[in-house]
Structure formats: structure tokens, C-alpha cells
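S.K.: Predicted model, plus sequence, below.
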2 protein chains.
Amino acid sequence: VTPTPSLIALDWGTTSLRAYLLGDSGTTVLDERAEPWGVMHLPDGGFAAAFERVTGAWRARVPGVPCVAAGMVGSAQGWVQAPYVPCPAGGGELAAGLAPVHDGATAALHVVPGVSQSGERPDVMRGEETQVVGALALHPELAERSLLVLPGTHSKWVRVDGGRIRGFETFMTGELFAVLRDHSILGRPPRGAPGPPGGDGDDAFVRGVAAARDSARGVAPLLFSARALVLAGRLAAGSSLEYLSGLLIGDELRCALPAGSDGAPLALVGDAALCRRYVAALTVFGVAGIPVVDGAAPAGLWRIAQLADLVSAARGRSSA
Amino acid sequence: VTPTPSLIALDWGTTSLRAYLLGDSGTTVLDERAEPWGVMHLPDGGFAAAFERVTGAWRARVPGVPCVAAGMVGSAQGWVQAPYVPCPAGGGELAAGLAPVHDGATAALHVVPGVSQSGERPDVMRGEETQVVGALALHPELAERSLLVLPGTHSKWVRVDGGRIRGFETFMTGELFAVLRDHSILGRPPRGAPGPPGGDGDDAFVRGVAAARDSARGVAPLLFSARALVLAGRLAAGSSLEYLSGLLIGDELRCALPAGSDGAPLALVGDAALCRRYVAALTVFGVAGIPVVDGAAPAGLWRIAQLADLVSAARGRSSA
């Protein structure tokens, strides 16, 4: 028996819009679509047009199907502003903070708020909170206490305690890599440099991670080495961006890995290919066996919709 | 008596071309010109056309006047490749490594080589070596032993020993700031954030320097705070780039300032406005009274030309 479509779940960020038609749980994906219509790259007609073009057929097929979205769609530059919920925050607080986009009398879409951290180290997330809720729904053993790593444009290191986000830290690793690759001299490796005998493509990433790991002062004195090593014939020009990626991810790990083992299990959450890169980098730090959680966004959207009574608790019990 | 024009000195980098018509020393500037014709932004006709348009009238007025240039004009992407001279290197080694651009039988232009460092920390400079030679000519008291800081797109920290460059380290501070300002989310501060009562424009740079100084892990965990502090109402949106500049310069100082006083006097060399910013940042580290050396590029080009017998030693004795 094919499950009845019960929820439209949208992961709507800065650069892309991913849509899932979910059945009776956060992992029963009946259909899905992806468009490059992030908050900064909308089609003509803006948010409403993007929403209609991605979900219109599904909503016509299942009249009244609830819709939830997470990500930058709820920011000041989004469709509706869903104010940040302060830490500590879990699924309950996020469900209570859903912001409706009104379409006549009924809400067309419910937008998940982001999470803010105040105090000495103010920080914000938007979208990742939903992945955390999903990761904890998929892996209940992580709920009591864990450190979740969400690699990306802005990597988040999230401390989970008692099923809620207790605190977090942001590293701009992905964006830093992209701007250096696309706009700095490091993206234009010197031509004609000899390169090391035998090449070094596979090792360049690991070499970068190890160099960052061993740099007590941080990555700043190392960045230019991605060019200087090529000029010195000790790194192939074609490997220099892999080396740079290793430097930046290695620096993130050097900073963020707990100094001592404080007992909180570590897990990676997010895109599988990017998580594999972090698994490889963690190996250089002697950390192995870290689980990777995939499909956290739709699972989190399902769980939040359930806590907000947009889908029935019975339907979701098996996955919650 | 107006000195006879004796040397055309060119500071020819990636983004600009500065030309000096020098009299009888490295500080007797009879005329000067600046064009945005860096190695990556040449006019139609390329290097030869830029050279002719900037120096043609001077060379017509003083037939046979020698010309020297330093900077990226001697790189693989330049007019002629002037291979790096290895450390330790001083004015003598640089003069011996001058690379001629041939124009018929005579050399139209002599290009100063860059300097390379091998060993564990390979590094390169091109253009800054000439500023170092100039700084030591202008301030002979720095020649025996000093640590020269050349802030810029790629800041160089140069250890001088016995009048020669002994070793150096590169920080991509200026380029990092530019790519983050122009291409990352940090260059688009959130609109509508309230900002702290009373504003904080003047203090934002100093706040950033102090935050970086106090971050034992380095700057990576702090970068996103340039946005998060604005969202938290604790930094004015209009000050966030000043704060970011403080973070990056502060991180450079945290890394590069000698851990203990090893006795080598510190001096800043380069653009006066940028050096003032470093002086302000050094103050946050409790370091005061650092001299700032201006006009180092023409002074260095004069000194190298003199050592290569392109200008008479007698003429330059007073400035050497």
C-alpha cells in the first residue's frame, strides 16, 4: 500500500530549493524536486512563483496537504520573517515558533524559525536547526548528549543536550574556500611550475589537513603556502585547491574538536560527499568511526510538523 | 641647482604601475606618475605600450637614462622573467640578478628579481625585496638586525640580518579582507538590525583586533561573528567591515609578533594609510613607537641601480 502524501517539506536556502513529498514518516519520500531557486536566486514572480512551480502539482493532487519549510526563506531576506528562537531549543520550541505565510484564510506554508545563541559568543543558524531535529529523530541515541557537525558554506558545530540545541559555533569554511578559489590568487595556480615527481593529487588534501593540524598559530601563516609550495616545485598546480581545502577543513577541526574527550559522541550531518571529506580529515586527527547522518532535513521538517500537529502523531510514531 | 634626471624607477605590481624620475638619490623625486596598468590590467599594446606611455617623455628628455623596475613585472606573467634569488639576499644579490628587457642592442629596462625561501616553509616575494633594500638605505640603523612588516594584499614579515633578507613569512590579510568584503556574506551586513545604542564606528576596528588577539585558537571561530554581532544588536551594520578588518589584522599580529622580545627592532614599511592601521592594531597589543618607513620603493630601486652601476656610486653616496 502506497502511503498517502501527508506533508510537503521544503529545504529552502540561499542558493537552492529542495522539495519533498512525504508519506507517513520523515523518510518516506514519495517524490522530490530540486531547483536553483534559493532566496537570492528566485525566478520571476519571486517566492510565490517558486513555491507554486515546485509544489503546485502536489497540492493539486492532495488538496489541503500541509507545507513546512526551513532555511533562509524565514530570514529578513526571505518570504516571511520567522524570528530566531533562543538556545536551548528543540523540536518543541521550533514547532511553537513556526511562522505562517498567509494565502487567503489558510496558511499556505509554515516556516521554521532559526536558532540564536546570546552571551559572550552570539551566533545564529537557520536551516541547520531542522537538520539537527531530523538527525536526533533518525538517531535517538544522539539525543541525550552529542556534538553534531554540519559541514557546509557555514559549518555548524552543535552541542546537543537533553534533546535540544544547547549551544553552537559557526565556521565559514565552505564560503572561505569558495571565495579564495573563485576570487583570490590561490584560484589561479602558477602555470609552468614543475610539480613534485610523480604528482601528489590524492595526498594534497591530507597534506593540507595535517599542516593545519600541526599549526599551533592557526591557518593564517599557511594560506599562502598553497601557492608557494607550487612555485617551489613541491605541490602540483592541479592539486593546490585540494591542499587549500585540506588547510581550511583541517583548521576547522583543529579549532572545534574538543580538546579532551568530554564523552559527547560526534556525528556528521549533511551532504554525503562533503561529509566524506570531513571523515577523511578526521582520520588525520586520529578520529575514526564517526557516523554520517543523511536525509536529516526532511526528517526534521516531518518531526517539527508532527510536533505542531500539522501531521498526525500516529502516522509519525515509527520515525519520531 | 636642479639635479639631472639619473634614473627611471618603476614599481610595477599586479594592479598598478608607479613611475619615478629620480635625480641624484633615491629620495630626489623630480617627477612621478601612476597608472592602473598592473600586470593583470595592461593597456592595448601590453607591457611595451604601458612602458612607453609612462616613461616615453622622460626618456626623450634624457636620452640613455637607465630604467629599473620591481614587482610582478618580473614574474612568469610579467614582461621578462627574473628568477627568484634565494635567501639570504641583499642589495648585492638583487643587483646581480637584474633581468634585462631587450630593445634592440641595449636594455630598455632592468627588472629586479624576487626572493625565495626554501626549506620547511617555502615562500616567495616580488617587489617587497626592493622595499626592504630601500628601507635599509633610508634607515641604516635597521640593517644589522630588524623585523620589517610590509602590510598589503600579501603582508610580508621580513627578518633582516647583516643587511640582508634572512627569512620571511607571508599573510594574505589584505586579499582575504578584499574577497570577504566583495564576495562573501560578510560584505552584505544584515539590514534593519538595531545596532548598539550610540553606535560604535570608531571602536569596531579595535574591538576586532582585541578579539583576534584574545583568540588562542585563531580567527576561524571569529569570522562569522562579524555578522552574528550585528544580528545580536551588538555591532552596527555599518561598522562590521571595520570589525572584520580588525579581526584579520589582529590575527596576523597574533601569529607574527615574536612570542618574546628577541631584540630585533620592528618597523613598518609601505603605504602610510595602511601602516597607520597597523600602528593602531599594534597599540592593542601593547606595542608602541614603531617607526613607519615611507618611500621605500624608489629608494630601493635607486640603491639596486647603484649597486649594478646603472647610476654612479658618487651620486648616491648620501642616500645609500
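M.R.: Looks like it came in fine.
S.K.: How about the residues of the stretch 151-300 of chain A by chain B?
M.R.: Where the stretch 151-300 of chain A comes near chain B, counting by Cβ under 8 Å from any Cβ of the partner chain, the residues are A:154, A:169-173, A:175-176, A:179-180, A:182-186, A:190-192, A:217-221, A:223-225, A:227-229, A:231-232, A:234, A:251-252, A:254-256. Yep, even glycine has a C-beta here, placed from its N, CA and C like the rest.
S.K.: Only whichever of those residues are buried, select them in ChimeraX.
M.R.: If you want just the buried ones from these in ChimeraX, going by 16 or more other Cβ atoms under 10 Å in any protein chain shown, the selection is:
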select /A:154,169,170,171,172,173,175,176,179,180,183,184,185,186,190,218,219,220,221,223,224,225,227,228,229,231,232,234,251,252,254,255,256
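S.K.: Mind checking which of the residues of the stretch 151-300 of chain A next to chain B are in strands?
M.R.: A:Glu169, A:Thr170, A:Phe171 (DSSP state E).
S.K.: In space, what's closest to the closest residue to chain B within chain A - neighbours in sequence excluded?
M.R.: Proximity of chain A to chain B (Cβ to the nearest Cβ) peaks at A:Gly218, 2.6 Å away. Nearest residue to A:Gly218 in three dimensions, chain neighbours excluded: B:Gly218, at 2.6 Å (Cβ to Cβ, 6 or more residues apart in numbering or on different chains).
S.K.: Now do the strands in the stretch 201-320 of chain A.
M.R.: When assigned using DSSP state E, counting those that start in this stretch, the strands of the stretch 201-320 of chain A occupy the ranges A:266-269, A:292-293.
S.K.: what mean pLDDT does the last one have?
M.R.: In this model, strand A:292-293 has a mean pLDDT of 97.
S.K.: Likewise for the longest one?
M.R.: The pLDDT scores in strand A:266-269 average 97.
S.K.: residues in contact with the residue of chain A closest to chain B?
M.R.: For A:Gly218, the contacting residues are A:Asp251, A:Arg254, A:Cys255, B:Arg217, B:Gly218, B:Val219, B:Ala220, B:Asp251, B:Arg254, B:Cys255, by Cβ atoms under 8 Å, 6 or more residues apart in numbering or on different chains.
S.K.: do A:Ala204 as well
M.R.: Going by Cβ under 8 Å, 6+ apart, the list of residues near A:Ala204 reads A:Leu235, A:Ala236, A:Ser239, A:Ser240, A:Glu242, A:Tyr243, A:Gly246.
S.K.: One more pass at 6 Å, please.
M.R.: Residues counted as contacts of A:Ala204 (Cβ atoms under 6 Å, 6 or more residues apart in numbering or on different chains) are A:Ser239, A:Glu242, A:Tyr243.
S.K.: how much space is there between the last one and A:Leu186?
M.R.: Same thing as A:Tyr243. Using Cβ to Cβ, to the nearest Å, we find A:Tyr243 at a distance of 9 Å from A:Leu186.
S.K.: these two touch, right, A:Val209 and A:Gly246?
M.R.: Yes: shown here, A:Val209 and A:Gly246 form a contact pair, counting by Cβ atoms under 6 Å, at 4.2 Å.
S.K.: hey, where'd the helices end up in the stretch 1-150 of chain A?
M.R.: When assigned using DSSP state H, counting those that start in this stretch, the helices of the stretch 1-150 of chain A occupy the ranges A:46-61, A:91-96, A:128-138.
S.K.: Show me the shaky parts of the stretch 201-320 of chain A.
M.R.: Filtered on pLDDT under 70, the stretch 201-320 of chain A yields the residue ranges A:201-202, A:259-262, A:313-320.
S.K.: again, only this time at 90
M.R.: A:201-202, A:258-264, A:312-320 (pLDDT under 90).
S.K.: Roughly how far does the closest residue to A:Glu242 other than its chain neighbours sit from B:Leu268?
M.R.: By the measure of Cβ to Cβ, 6+ apart, the closest residue to A:Glu242 outside its immediate chain neighbours is A:Ala204, 4.0 Å from it. A:Ala204 is 35 Å from B:Leu268, where distance means Cβ to Cβ.
S.K.: Also A:Leu109?
M.R.: Distance check for A:Leu109 against B:Leu268: by Cβ to Cβ, it reads 56 Å.
S.K.: With A:Leu147 instead?
M.R.: Where B:Leu268 is concerned, A:Leu147 sits at a distance of 42 Å (Cβ to Cβ).
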